[in-house]
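Q: Let me see the structure of the following:
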Amino acid sequence: MLATAITLIGLVMMPAPGPGMLVVAFGLVMLARESAMAARGLDAAELRLRPLWARASAWWQRRRSAG
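A: Purely as a prediction, here's the structure:
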């Protein structure tokens, strides 16, 4: 219950300046510790986001070395 509340508070904080994304991530990690379904969902999201992160990181490195 607390993990869900923290996640929702983080979602409300997202548009405002501040650590909204960190609060959401913290809430999701807490939720994953309580629920196997949430843990599987976070694992699936990580597998989908990992290639995107690699491409973004490579782009950033190319951009830094070119300038």
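Q: roughly how far apart are residue 49 and residue 42?
A: Look at residue 49 and residue 42: by C-beta to C-beta, to the nearest Å, they are 10 Å apart. For glycine as for every other residue, the C-beta is placed from the backbone atoms N, C-alpha and C.
Q: what residues are up against residue 28?
A: Residues in contact with residue 28, defined by C-beta atoms under 8 Å, 6 or more residues apart in numbering, are 3, 7, 38, 42.
Q: so how far is the helix or strand containing residue 47 off the chain centroid?
A: Residue 47 is part of helix 36-66 when elements are defined by DSSP states H and E. Chain-centre distance of helix 36-66: 10 Å, with C-alpha atoms, centre = their mean, to the nearest Å.
Q: can you tell me which residues contact the residue nearest the centre of the chain?
A: Nearest residue to the geometric centre of the chain (C-alpha atoms, centre = their mean): residue 25, 5.1 Å. With contact set as C-beta under 8 Å, 6+ apart, residue 25 has these partners: residue 10.
Q: Taking helix 36-66 as reference, get the angle to the host helix or strand of it.
A: Applying DSSP H and E as the criterion places residue 25 in helix 20-34. Angle of helix 20-34 versus helix 36-66, following axes from the mean of the first three to the mean of the last three C-alpha atoms, to 10 degrees, is 140 degrees.
Q: now helix 20-34: mean pLDDT?
A: Helix 20-34 shows a mean pLDDT of 87.
Q: Can you point out the buried residues in that helix?
A: Across helix 20-34, burial judged by 16 or more other C-beta atoms under 10 Å covers 20, 23-24, 27-28, 30-32.
Q: Export only the CA atoms of that helix, formatted as CSV.
A: What follows is helix 20-34, C-alpha atoms only, in CSV (Å, rounded to 0.1, in the frame of the first residue of the first chain):
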residue,chain,number,x,y,z
GLY,A,20,9.7,13.2,-9.4
MET,A,21,11.4,10.4,-11.5
LEU,A,22,13.5,9.3,-8.5
VAL,A,23,10.4,9.1,-6.3
VAL,A,24,8.6,7.0,-9.0
ALA,A,25,11.6,4.7,-9.3
PHE,A,26,11.8,4.3,-5.5
GLY,A,27,8.1,3.5,-5.3
LEU,A,28,8.3,0.9,-8.1
VAL,A,29,11.3,-0.8,-6.5
MET,A,30,9.4,-1.0,-3.2
LEU,A,31,6.3,-2.3,-5.1
ALA,A,32,8.5,-5.0,-6.9
ARG,A,33,9.7,-6.2,-3.5
GLU,A,34,6.0,-6.7,-2.5
